[in-house]
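Q: Got a predicted model here, sequence first, then my questions.
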Amino acid sequence: MITNLLFAASTALFAATPHIVADTLNAERYADSARVTIERAFVHGRPDDLVEARALVERGIARFPRDPLLRYYLGYALFREGVLREGDPATTAFRHAREVLEQSLALRELADTRALLASVIGSMIGSSVLRAIRFGRASLAEMDRALTAGPANPRVWMLKGAGALNQPTMFGGGADKAEAALRRAIALFASDRPGTSMPTWGLAETHGWLALALKAQGKSAEARTALAAGLALEPGHAFLLTRVKPVVEKPVS
């Protein structure tokens with residue numbers, strides 16, 4: 001609700017003052033600052049820092065209401081906050097993330113935004129069968145659109161792979177499908193050269209998801225290698241240390 005009101009108010013302000021031309025350079029600076037701040041907060045596993053990052057992005061949106069990238073970063077911050085929180089706060093963050101990402105797509109089509117929206121919708125399922133019926137197809141449809149828009153985008157393939165670990169095989173999921181998508185993402189990161197202020201995140205995290213996919217298939221040695229590769233890139237990455245490492249190092253029973 002809050003984000004919808006912000007969008008409506010800022011859009012009306014922009015329409016009422018057509019003589020004002022947005023300062024693209026300053027909008028990019030807001031986006032670039034948001035990109036760095038959000039990723040640092042997630043890497044260190046600090047959800048409260050993501051609240052501060054959201055405040056930064058919202059200040060940028062107030063100045064540049066028609067900038068789609070700022071709305072992408074607001075959705076990204078909310079997505080990361082949902083991942084780090086639990087219960088109702090997580091649900092609320094994912095719901096708001098969906099709203100602002102859809103607003104971003106209404107302004108500009110980006111593969112990164114489509115893929116993130118697909119992951120947000122998928123994250124709203126949780127363990128509920130009813131929500132799986134409600135949100136599963138929507139998530140898959142958004143991911144298909146993301147792959148069409150950005151077939152060489154490594155973050156699209158990373159999010160597809162991460163999602164596949166939690167998807168039933170009848171919907172194209174499974175650890176083997178996840179492994180294939182994640183390896184493709186890692187290969188694409190080698191030539192990923194996004195423009196100024198565009199998303200750059202994901203390489204260390206991709207190695208972590210690959211480690212989980214490999215461990216799920218009983219490939220323990222390969223899983224340890226993948227985890228080591230991720231930690232070599234980001235030694236203090238909270239996701240790798242708290243979510244991936246315990247799984248990879250768990251003895252096979």
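A: That came in fine, so what should we check first? Here the structure is a predicted model, which means the values were calculated and not measured.
Q: wait, Pro47 sits on Leu84?
A: Yes - contact criterion Cβ atoms under 8 Å: Pro47 and Leu84 qualify, at 4.1 Å. C-beta coordinates here come from the backbone N, C-alpha and C atoms, glycine included.
Q: Tell me which residues touch the nearest residue to Asp67 once chain neighbours are set aside, please.
A: Leaving out its chain neighbours, the residue that sits closest to Asp67 by Cβ to Cβ, 6 or more residues apart in numbering is Ala27, at 4.6 Å. Going by Cβ atoms under 8 Å, 6 or more residues apart in numbering, Ala27 touches 60, 63-64, 67, 69-70.
Q: And Ala27, which helix or strand is it part of?
A: Ala27 is part of helix 24-43 when elements are defined by DSSP states H and E.
Q: distance between that helix and the chain's centre?
A: Centroid displacement of helix 24-43 relative to its chain, using Cα atoms, centre = their mean, to the nearest Å, is 14 Å.
Q: Quick one: distance of stretch 105-125 to the chain centre.
A: The chain centroid and the centroid of stretch 105-125 are separated by 8 Å, computed with Cα atoms, centre = their mean.
Q: Now do the same contact list for Ala149.
A: 109-111, 114 are the contacts of Ala149 under Cβ under 8 Å, 6+ apart.
Q: Apply the buried test to those and list what passes.
A: In the contacts of Ala149, burial by neighbour count holds for 110-111, 114, counting by 16 or more other Cβ atoms under 10 Å.
Q: Please render the residues you listed as TSV that adds distance to Arg224 and pLDDT to the earlier fields.
A: Output for the buried ones among the contacts of Ala149, formatted as TSV (distance: Cβ to Cβ, whole Å; pLDDT from 0 to 100):
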residue	distance to Arg224	pLDDT
Leu110	35	97
Ala111	32	98
Arg114	33	98
